[in-house]
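In: Provided below for reference: sequence and predicted model.
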Amino acid sequence: MSRYVLSRKAGTLPATLRALALTCATALPVSMASADAGAKTARIGGLYDITVAGLVIGKGSMSIVLQGNAYSAKVGLEPAGIGSLFSTGRGGAEATGWLVGGKVVPSKYSMASQAANRDFYVLMTQGSGNIREAEAAPPFKPVPDRIEITKKHQQNAMDPLSAAVMPVATGKDALGPAACKRKLPVFDGWTRFDIQMEYKEIKEVSGRGYDGPVVVCGARWKAIAGHRPGKESVKLMEEAQMEAWLAPMGRNDVLIPYRIVMPTASGQMVVEATKLNINGPGQDQAAR
């Protein structure tokens, strides 16, 4: 992922935030139960405002298509508001895979973005819960204090967008502690990190396509590899207390993001839905 939050100099995020910026801004997290092969196609979509320190810097979009047990996810981001005056970046990502036995099994992931007059991209193939091949550009510069990415770090890991597809059990407890009880092992093409989630509370919201309760999950970021432990941006991320508000959209086994809160060096980043829709019109099909 590239850099999207306004800074005092170039309007960019630190390198350690690039995997979170686009995903958090448009897709973290989406939750759904494993789909039956004969199930109808389900479509979920949303538009989001991205603000930093109360200033609008971007607009995000998200769409998820479920067809049988296959999923296809797309996210996008473009500058808006004060972000249009700076190099806050634009781009998008796509991911496909399957929901098997209540688990997410990613297949393909791609990301392309531009920020600070630089192009960034990631291509990734996955299988059996592991990263099989990954290409990311530009590569990190080799420095002695960077923790090297190894093949072991790419086992039992997934791309950032597929990590946002989180199965939950059906039933009355779907919108509760169980929705937040998970650790997400993520590899973004440059860095390997975990997102540890935990239940905080239930809130009531209204408007923007949904009226009712949301489950609020706390989230913490833990660096695993690819990072430089002494960097201030890494320390900031590991100390940051993030939140994800999840809203049920039409059925209790499908949760989509309503609001994301994440501190940055430039101020608090808030990603909040301006319009949500489920099973809306569209021609997309979940790719296998």
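Out: Yep, it's here. Please read all numbers here as calculations on a predicted model, not as lab measurements.
In: from what I can see residue 114 touches residue 92, true?
Out: No - contact criterion C-beta atoms under 8 Å: residue 114 and residue 92 do not qualify, at 10.7 Å. Glycine gets a C-beta too; all of them are placed from N, C-alpha and C.
In: Looking at these two, which is more packed in?
Out: residue 92 (17 against 14; other C-beta atoms under 10 Å).
In: Which residues does the more buried one form beta bridges with?
Out: Beta bridges link residue 92 to residue 76, residue 112 when assigned by DSSP bridges.
In: Quick one: residues contacting it.
Out: 22, 74-77, 111-113 (C-beta atoms under 8 Å, 6 or more residues apart in numbering).
In: Next, format those residues as a markdown table and append pLDDT.
Out: As requested, the contacts of residue 92 are exported to a markdown table (pLDDT from 0 to 100):
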| residue | pLDDT |
| --- | --- |
| 22 | 46 |
| 74 | 91 |
| 75 | 89 |
| 76 | 89 |
| 77 | 86 |
| 111 | 94 |
| 112 | 93 |
| 113 | 88 |
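In: Taking those residues, tell me the two that lie furthest apart.
Out: Distance extremes for these: the farthest pair is 74 and 113 at 13.6 Å, using C-beta to C-beta.
In: neighbour-wise, which of those two wins?
Out: residue 113 (23 against 19).
In: who's residue 255 bridged to?
Out: residue 31, residue 248.
In: Quick check: it vs residue 212, distance?
Out: Using C-beta to C-beta, to the nearest Å, we find residue 255 at a distance of 12 Å from residue 212.
In: OK, contacts around residue 128?
Out: Contacts of residue 128 were listed using C-beta under 8 Å, 6+ apart, and they are residue 105.
In: Just the pLDDT at it, thanks.
Out: pLDDT for residue 128: 90.
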